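Asks: Please find the sequence and the predicted model below.
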Amino acid sequence: RKEVEQDPGPFNVPEGATVAFNCTYSNSASQSFFWYRQDCRKEPKLLMSVYSSGNEDGRFTAQLNRASQYISLLIRDSKLSDSATYLCVVNIPADYKLSFGAGTTVTVRA
Amino acid sequence: EADIYQTPRYLVIGTGKKITLECSQTMGHDKMYWYQQDPGMELHLIHYSYGVNSTEKGDLSSESTVSRIRTEHFPLTLESARPSHTSQYLCASSEYSLTDTQYFGPGTRLTVL
């Protein structure tokens, strides 16, 4: 079983729509959670860290559900520029490293 | 923007050549990493370093080697390139721990003919 699993999508949404997707992680002891954004053929860039209480950054909202071991990302009022692959990242306590999911692709159309 | 740089950005080379991919960062980060990523696929950690004179192998077995003589510099070397090494190589660094936010360089896209 992979340490981090994501629905690969793609999620095709019109501009202005709300899109949400989850990521599940296998290690209940994980403590650090992030969402990264990766554009085609570019490097990943940090979108936001995910905190226990949930957090919001503009149109982006991240939630953590420890009981069910998943984190979610919600994008409101989607823009064309939001089209990208969103990587879920979780720490692996035993290895003291981060594990990257394979990504969820979002395509926002005009 | 992260101050982490990789050269070359693109490299096309013949089989059997020795290559070194450069990575440098000016943020003073102790932790540095090399990832390999094929198009549309997930990142795989191939090497990491806790600091100067520290190098560790990652989750994905790789024929490449790394060195960490200076804090800011973490080069990756392939002694004899093969077509199976064709991929994108991404360098990253983090400040406090291996589970801290990682900042990525722009990557080197390697093609071995």
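Replies: Great, that's in hand.
Asks: My guess is B:Asp59 contacts B:His47. True?
Replies: No: using Cβ atoms under 8 Å, B:Asp59 is not in contact with B:His47, being 10.3 Å away. Yep, even glycine has a C-beta here, placed from its N, CA and C like the rest.
Asks: ok, for residue 30, nearest residue in space, not its chain neighbours?
Replies: Going with chain A. If the residues on either side of it in the chain are set aside, A:Ser30 comes closest to A:Val90, at 4.9 Å by Cβ to Cβ, 6 or more residues apart in numbering or on different chains.
Asks: Please refer instead to chain B.
Replies: B:Gly51 (4.3 Å).
Asks: Please tell me how far the one you found sits from A:Asn55.
Replies: From B:Gly51 across to A:Asn55, the span is 31 Å (Cβ to Cβ, to the nearest Å).
Asks: Give me the more crowded residue out of the two.
Replies: A:Asn55 (14 against 11; other Cβ atoms under 10 Å in any protein chain shown).
Asks: Find the centremost residue of chain B, please.
Replies: The structure's chain B has its C-alpha centroid closest to B:Trp34; by Cα atoms, centre = their mean the separation is 3.2 Å.
Asks: tell me the mean pLDDT for stretch A:55-74?
Replies: Averaging pLDDT along stretch A:55-74 yields 95.
Asks: Now do the buried residues in it.
Replies: Within stretch A:55-74, the residues scored as buried using 16 or more other Cβ atoms under 10 Å in any protein chain shown are A:Phe60, A:Thr61, A:Ala62, A:Gln63, A:Leu64, A:Tyr70, A:Ile71, A:Ser72, A:Leu73.
Asks: Likewise for stretch B:95-112?
Replies: Buried residues in stretch B:95-112 (16+ other Cβ under 10 Å): B:98-110, B:112.
Asks: can you check stretch B:75-91 too?
Replies: Those would be B:Pro75, B:Leu76, B:Leu78, B:Ala81, B:His85, B:Ser87, B:Gln88, B:Tyr89, B:Leu90, B:Cys91, for stretch B:75-91 by 16+ other Cβ under 10 Å.
Asks: on that earlier part again, okay, now the residue nearest to A:Ser30: neighbour count?
Replies: Quick note: A:Val90 (other Cβ under 10 Å) scores 25 neighbours.
Asks: Would you agree it is in contact with A:Ala29?
Replies: No: at 10.5 Å, A:Val90 does not count as touching A:Ala29 under the criterion of Cβ under 8 Å.
Asks: quick one on the thing from earlier: for the residue nearest to B:Asp30, pull up the helix or strand it's in.
Replies: Using DSSP states H and E, B:Gly51 falls within no helix or strand.
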